[in-house]
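Participant: Got a sequence here, can you model it:
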Amino acid sequence: MDLYGKKSKSIPQKLIIIGLEIVLLYLAYFIAFKKGGTTVYNWFGINIQEGNLMRRIIIFSFSIIVFLRISFATFVFVKRRIPFEETISVPIAFALYYIGFAIFGYGSNAPLGIIDYTGIAIFLFGSYLNTFSEYQRHTWKKDPENKGKLYTINLFKYSMHINYFGDLLWVIGYAVLTHNVYSAWIPLFLYLFFAYFNIPKLDTYLEEKYKEQFSDYKKHTKKFIPFIY
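Facilitator: Okay, the predicted model is just below:
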């Protein structure tokens, strides 16, 4: 539980993470627009050429948006100590998004349609839930009167981990845009990671820190998915 309890700016770790993500973005660009995707598929004996250009542009734009949001959140919202192991594990996770979705969406020739516009809406809504919920909590915590109190209002009244639900949504939006059924494994993996590892670990820490406040909160609030779970 020290992961959540110890505070630190962790500037070197944050800079390493951001630097590696920039490298991943370049690789995603190469895959999407410099026939890197064709090369990757050829490694596996699959002959696939560049698909719909606008689809590739949108998927890469998603990656840029995610990078900007996460960079902002890393330096503004993250106050806990970041162990150096995360300078490897975090970029590996984002490689699934930047590289994985670039590859999965590379060869689709289908024109954009209602499914794609739905995916874009899901991505944008998930991005809003994730970043704005964190911003609301960040602003609330800056008030000295709230020291020692558990944040349970605004978007967090709909889910104890509404920020993670936002993460799941924007990843689903990514997957929808690829038109590739195999990309569904990425949001599925993320759901399992949140539901069976990250959320239980964080809940244990919150229960130890806030005690009755947290017990009351979890009695009246869904854990992850608003109104469902």
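Participant: is it true that residue 52 touches residue 113?
Facilitator: No: in this structure residue 52 lies outside contact range of residue 113 using C-beta atoms under 8 Å: 10.7 Å. Placement of C-beta: from N, CA and C, glycine included.
Participant: Look at those two and report which has more neighbours.
Facilitator: residue 52 (18 against 9; other C-beta atoms under 10 Å).
Participant: so what's that one up against?
Facilitator: 108-112 (C-beta atoms under 8 Å, 6 or more residues apart in numbering).
Participant: Now do residue 89, the pLDDT please.
Facilitator: What the model reports as pLDDT for residue 89 is 89.
Participant: quick one: it is in a helix?
Facilitator: Yes: with DSSP: H, G, I helix; E, B strand; the rest coil as the criterion, residue 89 is part of a helix.
Participant: for the record, mean pLDDT for stretch 22-41?
Facilitator: 96.
Participant: Quick one: end-to-end length of that stretch, please.
Facilitator: 23 Å (C-alpha to C-alpha, to the nearest Å).
Participant: Residue 73 contacts residue 134, doesn't it?
Facilitator: Yes: using C-beta under 8 Å, residue 73 is in contact with residue 134, at 6.0 Å.
Participant: Looking at the two, which is more packed in?
Facilitator: Per other C-beta under 10 Å, whichever of residue 73 and residue 134 has more neighbours is residue 134, with 21 against 16.
Participant: can I assume that one sits in a strand?
Facilitator: No: using three-state DSSP, the assignment for residue 134 is helix, not a strand.
Participant: which residue packs closest to it, ignoring adjacent ones?
Facilitator: Excluding its sequence neighbours, the residue lying closest to residue 134 (C-beta to C-beta, 6 or more residues apart in numbering) is residue 77, at 4.9 Å.
Participant: Outline the domain layout of this structure.
Facilitator: 1-109, 113-229 (automatic domain parsing).
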